Structures are given as C-alpha cells and as structure tokens.
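1. sequence and computational prediction follow.
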Protein chains: 2
Amino acid sequence: MAFTKRSDKTRAAILAAARQRFAADGFERTTIRAIAAEAGIDPSMVMRYYGSKDGVFAAAADVDLRLPDLATVPRDELGETLVRHWVQRWEGGLSDELLVILLRSAITNETAAEKLRTIFGAQVAKAVATVVDDPAEVPTRAGLVATQMLGLALCRDILRLPPVVALDVDTLVASVSVTVQRYLTGPIGRERSGGPA
Amino acid sequence: MAFTKRSDKTRAAILAAARQRFAADGFERTTIRAIAAEAGIDPSMVMRYYGSKDGVFAAAADVDLRLPDLATVPRDELGETLVRHWVQRWEGGLSDELLVILLRSAITNETAAEKLRTIFGAQVAKAVATVVDDPAEVPTRAGLVATQMLGLALCRDILRLPPVVALDVDTLVASVSVTVQRYLTGPIGRERSGGPA
DNA sequence: CTGCTTTGTCAACACGTGTTGGCATACAAT
DNA sequence: ATTGTATGCCAACACGTGTTGACAAAGCAG
C-alpha cells in the first residue's frame, strides 16, 4: 500500500472536494453528486472509493487540533499562546476547513458530534493537564476553555457575527487570552478571585 | 382576527410540534411529515396554514432573548446577572427550545443565521449600550460577550461536552460571570489590564 | 332544510437523494 | 498482440422530500 496507485489522484481530488463541500454546507446539505461535480468525476466513484456518504465524511473529518505543547510555555503566556494558535488555525483558510467541517457538522450529525467530543475530551484535556496541578480540576478547566474557544470560532467563522468578524486579530487575542488564561490558571467556581496569595 | 377561529388549536399544535422537531433535528433534517405526525394531523395542513417549510420555520423561530434591563443592575453585578439569566433561559427546557432552534439551525440555514445575527446585533448591543460609556466600544464588547455566551450554550446544550454539562450552575455562573463582566466593563484590546488608573 | 365556507384527509406529482450494477476504456503483464 | 485488471462513466433503482389539487365531512347562515 505504500505504492502509489493510479487512482490516488482521484481519491485525493474527491477528498479535497468533499472537504470543501462539507465545510461550506455541512453534512446534510452536502450531496455526493456535488462532491463528484467539484472533483470533476462521476458520483459512483465516490461510492467506490469511500463506500458511502458517511465514509467520505469520516475520511474528510479526520482532524487533529494540533494544539501547541503547553509544557514549554511560560505560565503567564498560556492563554495568549493557546488563543493565538487557535485563531490562526481558523484564519489560515487554506488547508484548514477541517475545523469548520467538524463544528458545522457536529451540530446536526451525531457521528460528528461524538467525534468532536472525543477530540476535545482528549486533546484539550491533555493540553490542559500539563498545566494544571490538581487533576480533579482538569475537566472543569478544559470545559471552560472549550466554551470560550469554540464560542469564538462559532461567532467569527460560522455565524459571522459582524462585530466579531470586524475585530482585528491582535485585539481579539488580547481580549480573549485573558479569559483563557484565567480558566487555566486562575480561580474557578466560587473561590474568591482577588485573594491575597 | 382577534376572534378565535376553530383552526387555532391546530395551528398551535403545528407550531408546538414544529418547535420540537426543529429543536431536536435542526432545519434540514426536520420534515413537514414529521411535524404533521407529531401534531397528529395531515402534512398538507402545515402547508395550508404556514405556506411552506420556510414559513413554519419562520413562525417557529420567532424568538425574543428577553435580556434583563442592565440599567437597573449594580455595575459590578452585570456579568453575573447576564450569565445567570442566560443559563437559566437555556436550562428551563420547557418552553424554551426557541434558542436551541435558532442556534442549531443558524449553523446550516442562512435564513436562520441572518435572524440570529439580527437578534444579537439588536438585543445584545442594546443591552450592552446601556452600560458602556463610549459608543464606539459597544459593538466590540457586545461581540466579545456573544462569543462567551454562545460558546457556553453551544458546548453545554448543543454539543453536550461532558465536562461542561457536568458543571453545576453556580460554579458555571461564577466562572463565566467574571469573563462577561470584564468584556462589559474591563479593559479590552491591548490596553494594560492592571494599570494604575 | 339548503347552500356556503371552513377544516381536514387522500393520493399523487415532480424532483433530488444515496446507492448499485453494467459496460466501455485505458493500463499492466505476459 | 492478448489477456486480465483497474479505472471511469452511464443509466437506473428505490426512496423520501416539499408541495399541490381534488374531494369528504363538519360547522354555520339564510
């Protein structure tokens, strides 16, 4: 299988087309025919190489958040590092409609939702775990972080709320970083926030 | 038109059924037939009384955020007031699948997205405007607030990320309030956060 | 009771969907 | 050149969709 078959080019074209369609339209509104048209081939090829619509989707939505390794980051720059990385990941339109696909589809497609849950449960929690001392706090902090990061992506890249789209990257990062930084290292829940320590 | 027609009961049944289906399945996956079945009537009635699928949706997604009047709230309790109200609005499952409908559908349906943009543009900005001095800052602050609030709803009530679902309301409100409070009254962008002021 | 409007059901349409099998062509091996 | 196989296209299927119109029953007006 390490040999390149003649069909690899078509396979790749299908995958690229599928990503574009899924990202633009979500799971339900994307049709096999549309994918095939964009790839410039026949719909039946999509079936042959990926088995079913769910098959293409699974292949297209195989995503890695590629979060930075927080262990090497100064403790007071965690928020900024994470948020800047996140924003750039979403901004870099080219190859990264992956995240759009996942988020768009996760809202109506239970398979995609489960996948997203897994990815966030694993990758974000792992990143957070390298930073938080008390293991019992990890899920809570990871959840709060997810709340802000996904909300940011949702408003800016999916819903395209004008004021959020209008924000320049630096202002955005500066504002949101503080939040994420606190969710990572600050007090959570009902603890006093301005304590002496 | 103030008189109650005989068909009002059916109309109401259709609307209730539509809300349930749209909230559960989103716009695309909800079928006229499913709505009719849930309402216990014939699919053609849905068409007769609401014209088209888009018509039913428009009627079902006519939503009012009912944000509290921030003018009467002490300045340092703004975040908590807003967030608690928001969480309760989403928690109160009964009549309020309205928000689920809107958010779920806005991700794939452009009409719904536009509606959500309008609602947030108007209602949130208005609420924020009663609190912020500099009018130029209103959109930015409203946008940031939307980011966190919609992200919260997304993770907790749509995607159901386990750690976010697991959080009890008080912890949630306590943690997120601080963020919203800062987006409303704190420094934004690249200003120094701990300045001498 | 006789007519007329309203409320509802039934059956069907035109269309788009995922999916399948058959058939031509281009390539690879002998 | 002659096989055998991989690659691609075409036509069709079975099904579910939004939507429409004809027709029956129920309520009301005269």
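-> Thanks, I have it. Residues are numbered from 1 along each chain as shown, chains lettered A, B, ... in the order given.

2. near DNA strand C at all, the lengthiest helix in chain A?
-> The single longest helix within chain A, with elements called by DSSP state H, is helix A:8-29. No: residues of helix A:8-29 contacting DNA strand C under CB under 7 Å from any atom of the strand: none, with a closest distance of 7.9 Å. Just so you know, the C-beta spots here come from the backbone N, C-alpha and C atoms, and that holds for glycine as well.

3. dump that helix to PDB, keeping only the CA atoms.
-> In PDB, the C-alpha atoms belonging to helix A:8-29 read as follows (Å, rounded to 0.1, in the frame of the first residue of the first chain):
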ATOM      1  CA  ASP A   8      -4.600   8.100  -5.800                       C
ATOM      2  CA  LYS A   9      -5.100  11.300  -7.700                       C
ATOM      3  CA  THR A  10      -8.800  10.800  -7.900                       C
ATOM      4  CA  ARG A  11      -9.000   9.700  -4.300                       C
ATOM      5  CA  ALA A  12      -7.300  12.900  -3.300                       C
ATOM      6  CA  ALA A  13      -9.500  15.000  -5.600                       C
ATOM      7  CA  ILE A  14     -12.600  13.500  -4.000                       C
ATOM      8  CA  LEU A  15     -11.300  14.100  -0.500                       C
ATOM      9  CA  ALA A  16     -10.400  17.700  -1.300                       C
ATOM     10  CA  ALA A  17     -13.800  18.300  -2.900                       C
ATOM     11  CA  ALA A  18     -15.600  16.700   0.000                       C
ATOM     12  CA  ARG A  19     -13.800  18.900   2.500                       C
ATOM     13  CA  GLN A  20     -14.800  22.000   0.600                       C
ATOM     14  CA  ARG A  21     -18.400  21.000   0.300                       C
ATOM     15  CA  PHE A  22     -18.800  19.700   3.900                       C
ATOM     16  CA  ALA A  23     -17.100  22.900   5.200                       C
ATOM     17  CA  ALA A  24     -19.400  25.100   3.100                       C
ATOM     18  CA  ASP A  25     -22.700  23.300   3.500                       C
ATOM     19  CA  GLY A  26     -22.500  21.000   6.500                       C
ATOM     20  CA  PHE A  27     -23.200  17.300   6.400                       C
ATOM     21  CA  GLU A  28     -26.900  17.200   5.400                       C
ATOM     22  CA  ARG A  29     -26.800  19.700   2.600                       C
END
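
4. so A:Trp86 is in contact with A:Leu150, correct?
-> No: applying CB atoms under 8 Å, one finds A:Trp86 not in contact with A:Leu150, separated by 9.6 Å.

5. which residue of these two possesses the greater neighbour count?
-> More crowded of A:Trp86 and A:Leu150, by other CB atoms under 10 Å in any protein chain shown: A:Leu150, with 28 against 23.

6. counting by contacts, list what the next helix or strand after the longest helix of chain A packs against.
-> Helices and strands here follow DSSP states H and E; after helix A:8-29, the next one along the chain is helix A:32-39. For helix A:32-39, the elements it packs on are helix A:8-29, helix A:43-50, helix A:53-60, judged by 3 or more CB pairs under 8 Å, 6 or more residues apart in numbering or on different chains; DSSP states H and E.

7. which stretch among these comes nearest chain B?
-> Among the helices and strands packed on helix A:32-39, the nearest to chain B by CB to the nearest CB is helix A:8-29 (4.0 Å).

8. which strands or helices does that closest one pack on?
-> With contacts taken as 3+ CB pairs under 8 Å, 6+ apart, helix A:8-29 sits against helix A:32-39, helix A:43-50, helix A:53-60, helix A:98-106, helix B:8-29.

9. got any ranges where chain A has weak pLDDT?
-> Residues of chain A that meet the criterion pLDDT under 70 lie in A:1-4, A:93-96, A:191-197.

10. redo the helices and strands packed on helix A:32-39 as a markdown table? Include mean neighbour count and distance to A:Ile188.
-> Listed next are the helices and strands packed on helix A:32-39 as a markdown table, based on neighbours: other CB atoms under 10 Å in any protein chain shown; distance: least, CB to CB, whole Å:
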| stretch | mean neighbour count | distance to A:Ile188 |
| --- | --- | --- |
| helix A:8-29 | 19 | 34 |
| helix A:43-50 | 17 | 43 |
| helix A:53-60 | 18 | 36 |
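
11. can I get the ones you listed in CSV including distance to DNA strand D?
-> Listed next are these as CSV, based on distance: least, CB to the nearest atom of the strand, whole Å:
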stretch, distance to DNA strand D
helix A:8-29, 4
helix A:43-50, 3
helix A:53-60, 13
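
12. and of the ones you listed, who's closest to B:Lys5?
-> Of all the helices and strands packed on helix A:32-39, it is helix A:8-29 that lies closest to B:Lys5, at 35.7 Å by CB to CB.

13. and the residue of chain A closest to chain B?
-> A:Gly151 (1.7 Å).

14. for the helix or strand hosting that residue, packing partners?
-> Following DSSP H and E, one finds A:Gly151 within helix A:138-153. On a contact count with 3+ CB pairs under 8 Å, 6+ apart, helix A:138-153 meets helix A:78-91, helix A:98-106, helix A:125-129, helix A:169-185, helix B:138-153, helix B:162-166, helix B:169-185.
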